[in-house]
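> I would like to see how this sequence folds:
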Amino acid sequence: MKRSPSLEDALEGAVSAGLQSQLGDAAGVVSVFLDPGIAVSKPDSYVKSLSKMLPAGAKVETVVTAICQRLYEDLGLQFQEREGWKLSDYVNDATGKVESAGDYKEASKAFKRVAEDYRLTAQKIPGLSLVLTELASYMDAWSSIGEARSQHQEEHYSTASENYAKAADILKATKARSHLSKHYEACTLLEKGEAYSSEENPEASIESFKTAVETFRQAKTLLENMLAQDPAPQEKQDLQKWVEITRSRERYCLGRAELEEARILDKKGDEEGSSARYRSASQRFEELAAEAQTDQARWELETLALSCHAWAEMKEAESGASPELYAEAADLFSKVEKITPRKRFRLLALASSSMCKALEAGTRFRRTRNTQLYSEIKKALETATDYYQAAGLQNAADWTRATGKLFDALVYLTDAAVERESRRKAELFQLAEKHLELAARLYGQAGFTVKRDQAVQLLKRAREDMELLMSPIEALAQTPALTGVAVAPVSLVREKTFGLERVDAANIVGNPNLSQRNVSVGSELTLELEIANVGKTPATLTRLENIVEDGLELIRQKTVYPVENNAFDMKGKRLDYLKTLTVKVPLKATRKGTLELRPRIFFHDQKGFHGSYDFDATSLTIRDLGISGWLKGPKQ
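Down below sits the predicted model:
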């Protein structure tokens with residue numbers, strides 16, 4: 001399997017890091033004699049050579065596992081050890097996931113190229129112009145959808161919303177796929193909800209998610225109404241899948257709205273209400289994860305579900321001042337770190353886990369007054385600061401660091417309050433002042449003005465040597481760093497079947513045309529069907545049916561194809577990509593009436609795909625000859 005340069009760099013770096021983690025200083029010696037770059041082109045040969053060079057006691061299996069863990073981590077993938085897998089198996093697995101899962105920009109470009117192909121072919125074949133032009137518009141819509149997905153994964157939610165809106169407008173103007181427009185209108189609102197959430201505007205986020213829920217419901221009703229009209233088998237299957245996709249996104253938006261409601265209740269100090277909302281959201285995301293169609297979507301939903309569960313435990317711990325629940329929340333955040341494939345969100349989970357450990361120690365201190373817990377609290381706060389900083393959340397890092405300084409100051413002031421020796425008492429007050437000044441500055445630059453003012457007020461009271469109104473542990477309360485953390489993007493991609501895979505398979509379209517639409521009994525006419533394969537795999541045509549209705553008969557002696565039960569045997573006629581075929585059906589009017597012809601053609605391709613295409617209905621009016629007609633005879 002061919003690997004891109006970025007993947008090659010990741011693999012070479014993973015080899016070096018894996019060796020270092022397992023062999024220490026000996027890793028450098030091994031790399032001198034065995035170039036890590038060999039692992040890129042010949043992974044298993046590299047392992048074979050490596051096994052002969054390892055120092056005593058080192059196991060090659062352990063080293064390979066360490067290399068693969070690092071590779072998956074650097075690529076943002078979840079690692080799972082597989083029995084019997086070699087290094088090449090892991091490399092190919094990681095490569096395949098990176099190149100197929102979420103390469104939405106390339107998909108968008110591919111759809112654009114297909115749209116251009118369709119438009120060029122439409123110019124060459126006027127009879128199929130309308131069909132191909134509409135298909136080109138459909139590909140344009142999918143190109144915009146691919147762009148939106150890419151922007152969603154990059155957390156550019158507002159731009160993603162604009163591209164979904166563009167796709168919805170294109171689809172609305174089509175004849176055959178306008179029913180999908182409402183679905184992507186809802187996706188536009190979903191992305192707006194994500195954008196408001198990332199901007200820490202939960203009220204606007206809730207409104208967008210709830211409006212998206214209602215719009216998804218409207219889209220679902222439209223799809224279900226179409227299903228009730230007994231569509232053709234292929235269309236029915238597609239509609240059923242769209243109903244499932246729409247229902248899943250509706251449920252996702254309900255969960256996201258609950259998550260944002262939990263955040264608002266948290267800020268208001270309603271720990272019980274917040275915990276209940278987090279638990280409800282967690283349950284919704286768990287159910288969606290169980291139904292996920294891709295590993296990527298499952299991991300993302302599991303991460304979100306577990307995060308909500310952890311936040312629920314944390315809020316319940318605050319409500320009950322329970323160190324045990326804080327410990328459970330810390331463990332849950334540790335589990336989040338293990339399942340999320342994105343490095344940034346792993347760091348955020350570790351930071352949240354450390355904050356919960358600080359709160360756990362704080363609540364134990366309230367019960368025991370054991371001052372030895374101060375060092376445990378400080379260590380957890382410093383660890384959280386490091387992780388927030390590594391994740392790029394400078395405000396959260398500054399908040400945690402400031403809280404650590406505030407905590408130190410309050411400890412000094414608490415000690416000063418009971419210190420009898422005047423010199424030592426003065427030293428403690430001076431230390432407290434320095435820490436309060438730094439805490440106020442850090443809170444200010446992080447944008448937490450309330451906490452800054454609190455630190456300034458404490459500083460003023462300390463200088464006046466007044467009684468403190470806050471204990472050291474109360475410095476840890478109301479932790480905005482936890483509730484202000486961003487939610488990892490969830491892909492929810494389930495439309496893959498309707499995208500490039502459908503373009504890659506054989507895909508027959510066509511246009512019907514009657515030589516006459518108003519004829520007399522006894523007249524002859526021709527139904528002409530222009531057929532094209534718009535899929536990139538050659539199509540094999542097998543059967544053409546529904547070409548004769550009551551009031552018409554097939555003129556068999558004029559047909560090119562064998563006839564069986566008033567249907568054409570297409571004899572396995574092959575149609576390559578964008579190649580066309582014209583099929584003429586000679587007919588004779590036998591009875592007065594108004595008819596609708598709805599031809600259907602069946603086909604398959606070499607990849608095993610079997611499909612059918614229903615031509616648009618074509619109406620025909622057959623009238624009696626009348627007296628003059630009987631005298632002249634029918635038109636032949």
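> dump the residue contacts of the closest residue to Asp624 other than its chain neighbours.
Nearest residue to Asp624 in three dimensions, chain neighbours excluded: Lys592, at 5.3 Å (Cβ to Cβ, 6 or more residues apart in numbering). C-betas here are computed from N, CA, C, even on glycine. Residues near Lys592 by Cβ atoms under 8 Å, 6 or more residues apart in numbering: Val521, Gly551, Ile622, Arg623, Asp624.
> switch to 7 Å and redo it
Contact analysis of Lys592 by Cβ atoms under 7 Å, 6 or more residues apart in numbering lists Val521, Ile622, Arg623, Asp624.
> From Arg344, how far off is the third one?
The reference is to Arg623. Arg623 sits 74 Å away from Arg344, taking Cβ to Cβ, to the nearest Å as the criterion.
> what's the answer for Ala397, then?
Distance, Ala397 to Arg344, by Cβ to Cβ: 13 Å.
> who has more neighbours, these two?
Ranked by neighbour count (other Cβ atoms under 10 Å), Ala397 and Arg344 place Ala397 first, with 22 against 16.
> Is that one in contact with Thr385, as I believe?
Yes. Under the criterion of Cβ atoms under 7 Å, Ala397 makes contact with Thr385 at 5.2 Å.
> Could you look up the SS state of Ile622?
At Ile622, secondary structure determined by DSSP: H, G, I helix; E, B strand; the rest coil is strand.
> Please tell me how far the nearest residue to it once chain neighbours are set aside sits from Glu271.
Residue nearest to Ile622 in three dimensions, not counting chain neighbours: Ala589, with 4.5 Å by Cβ to Cβ, 6+ apart. Per Cβ to Cβ, Ala589 is found 80 Å from Glu271.
> out of these two, which sits in the busier spot?
Legend: neighbour count by other Cβ under 10 Å for Ala589 and Glu271, higher for Ala589 (24 against 17).
> before we move on, back to that, backbone dihedrals for the residue nearest to Asp624, both of them.
phi -60, psi 140 (degrees, to the nearest 10).
> Show me the domain layout of this protein.
Domain assignment of the chain by automatic domain parsing yields the ranges 5-100, 124-268, 285-381, 407-479, 505-632.
> Compile those domains into JSON lines and extend it with columns for mean pLDDT and distance to Lys112.
What follows is those, written out as JSON lines (pLDDT from 0 to 100; distance: least, Cβ to Cβ, whole Å):
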{"stretch": "domain 5-100", "mean pLDDT": "77", "distance to Lys112": "19"}
{"stretch": "domain 124-268", "mean pLDDT": "94", "distance to Lys112": "5"}
{"stretch": "domain 285-381", "mean pLDDT": "87", "distance to Lys112": "24"}
{"stretch": "domain 407-479", "mean pLDDT": "74", "distance to Lys112": "42"}
{"stretch": "domain 505-632", "mean pLDDT": "92", "distance to Lys112": "15"}
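> Can you lay out the ones you listed as TSV showing distance to Ala276?
Shown next, in TSV, are the domains of the chain (distance: least, Cβ to Cβ, whole Å):
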stretch	distance to Ala276
domain 5-100	30
domain 124-268	8
domain 285-381	8
domain 407-479	19
domain 505-632	47
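> Please, where are all the strands along this structure?
508-514, 518-520, 524-533, 539-545, 552-554, 563-564, 567-575, 580-589, 593-597, 600-605, 610-614, 618-623 (DSSP state E).
> still on that earlier bit, which of the domains of the chain sits closest to Tyr278?
Taking Cβ to Cβ, domain 285-381 is the member of these nearest to Tyr278, at 3.7 Å.
> list the contacts for the residue found closest to Ser21 once you drop the neighbours it is linked to in the chain?
Leaving aside its sequence neighbours, Ser21 sits nearest to Ala66 (Cβ to Cβ, 6+ apart; 5.2 Å). Counting by Cβ under 7 Å, 6+ apart, Ala66 touches Gly18, Ser21, Gln22.
> Apart from its chain neighbours, what residue comes closest to Ala317?
Spatial nearest neighbour of Ala317, excluding adjacent residues (Cβ to Cβ, 6+ apart): Leu325 at 3.4 Å.
> For the one you found, list the residues it contacts.
Leu325 sits next to Glu313, Glu316, Ala317 when contact means Cβ under 7 Å, 6+ apart.
> so how many other residues sit close to the closest residue to Pro55 other than its chain neighbours?
Leaving aside its chain neighbours, Pro55 sits nearest to Ala26 (5.2 Å; criterion: Cβ to Cβ, 6+ apart). A count of nearby residues for Ala26, using other Cβ under 10 Å, gives 15.
> and the nearest residue to Glu271 once chain neighbours are set aside, how many residues sit next to it?
Distances taken as Cβ to Cβ, 6+ apart place Ser319 nearest to Glu271, at 3.8 Å, with adjacent residues excluded. Counted with other Cβ under 10 Å, residues neighbouring Ser319 total 16.
> Over to Leu135?
Counted with other Cβ under 10 Å, Leu135 comes out at 26.
> can you check the one 3 residues further on too?
Number of residues near Tyr138 (other Cβ under 10 Å) recorded here: 23.
> Test my guess that it contacts Lys172.
No. Using Cβ under 7 Å, Tyr138 is not in contact with Lys172; the gap is 11.9 Å.
> can you put the contacts of Ala66 in JSON lines and add neighbour count and distance to Tyr164?
As requested, the contacts of Ala66 are exported to JSON lines (neighbours: other Cβ atoms under 10 Å; distance: Cβ to Cβ, whole Å):
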{"residue": "Gly18", "neighbour count": "23", "distance to Tyr164": "41"}
{"residue": "Ser21", "neighbour count": "15", "distance to Tyr164": "43"}
{"residue": "Gln22", "neighbour count": "19", "distance to Tyr164": "46"}
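> For Arg364, list the residues it contacts.
Arg364 makes contact with Pro323, Leu373 under the criterion Cβ under 7 Å, 6+ apart.
> how near is it to Leu75?
Per Cβ to Cβ, Arg364 is found 40 Å from Leu75.
> Now Thr449: closest residue in space, sequence neighbours ignored.
Spatial nearest neighbour of Thr449, excluding adjacent residues (Cβ to Cβ, 6+ apart): Tyr443 at 7.5 Å.
> What of Gly127?
Glu530 (4.4 Å).
> And Val548, by the same measure?
Val548 sits nearest to Asn566 (Cβ to Cβ, 6+ apart), 4.4 Å away.
> Who are the contact partners of that neighbour?
Each residue near Asn566 by Cβ under 7 Å, 6+ apart is listed here: Ile547, Val548, Leu554.
> again, but for Phe333
Contact analysis of Phe333 by Cβ under 7 Å, 6+ apart lists Ala310, Ala349, Ser352, Ser353, Cys356.
> Could you check how many residues crowd around the nearest residue to it once chain neighbours are set aside?
The shortest distance from Phe333 to any non-neighbouring residue, by Cβ to Cβ, 6+ apart, is to Ser353 (3.7 Å). Ser353 has 23 neighbours, counted by other Cβ under 10 Å.
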